[in-house]
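[1] Below are the sequence and a predicted model for it; my questions follow.
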Amino acid sequence: MGGVTNSLAIKMLFRPYRAYYLGKWRIPFTPGLIPKRRGELAEQLGKLVVNHLLTAEGLQKKLENKMFVHEMTEWVQREVRKFLQSEETLSDVLASWTGVTRGKEKIQHILANWMCNRSEKIISELRTLPLNEIIPKPLAKKVDDLLPVMTQVFIEKGKEYFNSPEGIERLSNMVDRF
């Protein structure tokens, strides 16, 4: 008799899943206790897991366990090998893992925005600094060494321009306006 009582008690905890009514009156013990208080039970189980089962100390012990670290390392290596040996493209992987399609375009867009914002920030930071603080010393030395050569090239190009028909015309227009 005790077994039948226990079986009935357990069934009453879980069943029925919803309330039954006769007219406007609810039939007693419907729904069962667990379906009736499912929200409260879920909240209490969540608190139990967070406060007692998944503690920071417990997770830290697990992560410091040499066997766990060894198993995780082997698993990651296997997965990376499978990934590297597959014929999937990065776009395929991105789409299968995240559901993101047109990943290449989105990544390019994100990178372009990031580069634009970053370059604007760098320019605003450097705008007030003198050039000798911005330009690296080896580059400044190279520019100083090339200045005589560059000056000679500018002079030659200037001579060529002012001896050309366009240069002569422009020079005469400047003189006339003066």
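    Cool, got the structure. Numbering: from 1, shown residues only.
[2] Could you measure from Gly3 over to Ile10?
    Gly3 sits 11 Å away from Ile10, going by Cβ to Cβ, to the nearest Å. From N, CA and C alone the C-beta is placed, and that goes for glycine too.
[3] More neighbours: which of the two?
    Set side by side, Gly3 and Ile10 show more neighbours around Ile10, with 11 against 7, by other Cβ atoms under 10 Å.
[4] ok, now how distant is Glu40 from Leu48?
    To Leu48, Glu40 is 13 Å away according to Cβ to Cβ.
[5] Lys104 now?
    For Lys104, the distance to Leu48 equals 46 Å [Cβ to Cβ].
[6] Would you map the helices across this structure?
    For the chain, the helices defined by DSSP state H occupy 2-14, 33-36, 38-48, 56-64, 66-85, 90-98, 103-126, 131-134, 137-163, 165-177.
[7] Tabulate the CA atom coordinates of the fifth one in PDB.
    Extracted in PDB, the C-alpha atoms of helix 66-85 (Å, rounded to 0.1, in the frame of the first residue of the first chain):
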ATOM      1  CA  LYS A  66      46.600  19.500 -14.800                       C
ATOM      2  CA  MET A  67      44.400  16.700 -16.300                       C
ATOM      3  CA  PHE A  68      41.700  19.200 -17.300                       C
ATOM      4  CA  VAL A  69      44.300  21.600 -18.900                       C
ATOM      5  CA  HIS A  70      45.800  18.600 -20.700                       C
ATOM      6  CA  GLU A  71      42.400  17.400 -22.000                       C
ATOM      7  CA  MET A  72      41.400  20.900 -23.100                       C
ATOM      8  CA  THR A  73      44.700  21.500 -24.900                       C
ATOM      9  CA  GLU A  74      44.300  18.200 -26.800                       C
ATOM     10  CA  TRP A  75      40.700  19.000 -27.700                       C
ATOM     11  CA  VAL A  76      41.600  22.500 -29.000                       C
ATOM     12  CA  GLN A  77      44.500  21.100 -31.000                       C
ATOM     13  CA  ARG A  78      42.200  18.500 -32.600                       C
ATOM     14  CA  GLU A  79      39.600  21.100 -33.500                       C
ATOM     15  CA  VAL A  80      42.200  23.500 -34.900                       C
ATOM     16  CA  ARG A  81      43.700  20.700 -37.000                       C
ATOM     17  CA  LYS A  82      40.200  19.800 -38.300                       C
ATOM     18  CA  PHE A  83      39.600  23.400 -39.100                       C
ATOM     19  CA  LEU A  84      42.900  24.000 -40.900                       C
ATOM     20  CA  GLN A  85      42.500  20.800 -43.000                       C
END
